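Trainee: quick check, what structure comes out for this input:
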Amino acid sequence: MSWTDDRVETLKKMWGEGQSASQIAKELGGVTRNAVIGKVHRLGLSNRTTAGAAAKPEAKAKPASKPEAKAEVVEEPEQAAEPEKPELKTEPAIAPQTNLPARKQIIPAGQPLPPQPSANEISPEALAKVNEIEKKAKKLGLMELTERTCKWPVGDPATEDFWFCGLPVQQGKPYCEAHVGVAFQPMSARRDRRR
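Mentor: Numbering: from 1, shown residues only. Have a look, this model is predicted:
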């Protein structure tokens, strides 16, 4: 469908009469409501809210007056009354709960990390194994990790020396055998350390 001069004139005429975009599309045929709206926009036709407001006072019938009273009634265009603004409440919708656990602190990049578990919390055998394994690690970047590579992070993520182990994972775990020994410790070993 192309916008011929005749179709554009019909569109302008119907738009000026206050017809809806759907009605205009139906009259023109072969064009959608959205196409009519787009063409109206491209033609820069006036927004009909002002035309509709001007047409309103004319559409109002003059009040029925008695024949003997021949006073001329001059109507002023109605001012659009501002809608009442809802009162905004400043109190929170849900009362804050004070018994929630404290949130973990988010450390910005480049800041020192908080103290990590000390070496005496990890068994010496596991620590020695990790030190040996990290010498053989593939030192992969985040985008190089797969489901078969160890995802144990090494170093500070805010520095360029940060990498992941990358060795083959233990079946059903996200880490290699050495890092599983550090990450997944038996419950009894953890309980003994707390005493």
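
Trainee: pull out the buried residues from the helix or strand harbouring residue 133.
Mentor: Assigned by DSSP states H and E, residue 133 belongs to helix 124-136. Residues of helix 124-136 classed as buried by neighbour count (16 or more other Cβ atoms under 10 Å): 126-127, 129-130, 133-134. Yep, even glycine has a C-beta here, placed from its N, CA and C like the rest.

Trainee: from residue 161, how far off is residue 129?
Mentor: Going from residue 129 to residue 161 by Cβ to Cβ, to the nearest Å gives 22 Å.

Trainee: what of residue 172?
Mentor: According to Cβ to Cβ, residue 172 and residue 161 sit 30 Å apart.

Trainee: out of the two, which sits in the busier spot?
Mentor: residue 161 (9 against 6; other Cβ atoms under 10 Å).

Trainee: what about the helices in this protein?
Mentor: All helices of the chain, identified by DSSP state H, fall at 5-16, 21-28, 33-43, 48-59, 124-136, 177-183, 187-194.

Trainee: hey, which of these is tucked in deepest?
Mentor: Sort the helices of the chain by mean neighbour count, taking mean count of other Cβ atoms under 10 Å, and helix 177-183 sits at the top with a mean of 19.

Trainee: for that one, name the packing helices and strands.
Mentor: helix 124-136 (3 or more Cβ pairs under 8 Å, 6 or more residues apart in numbering; DSSP states H and E).

Trainee: name the helices or strands packed onto the helix it packs on?
Mentor: Contacts defined by 3+ Cβ pairs under 8 Å, 6+ apart place helix 124-136 against helix 177-183.

Trainee: average pLDDT across the helix it packs on?
Mentor: Mean pLDDT, helix 177-183: 83.

Trainee: CA atoms only: put it into CSV for me.
Mentor: Extracted C-alpha coordinates of helix 177-183, given in CSV (Å, rounded to 0.1, in the frame of the first residue of the first chain):
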residue,chain,number,x,y,z
GLU,A,177,40.8,-33.7,44.0
ALA,A,178,43.2,-31.4,45.9
HIS,A,179,40.7,-28.5,46.1
VAL,A,180,37.9,-30.8,47.0
GLY,A,181,40.0,-31.8,50.0
VAL,A,182,40.1,-28.2,51.2
ALA,A,183,36.6,-27.2,50.2
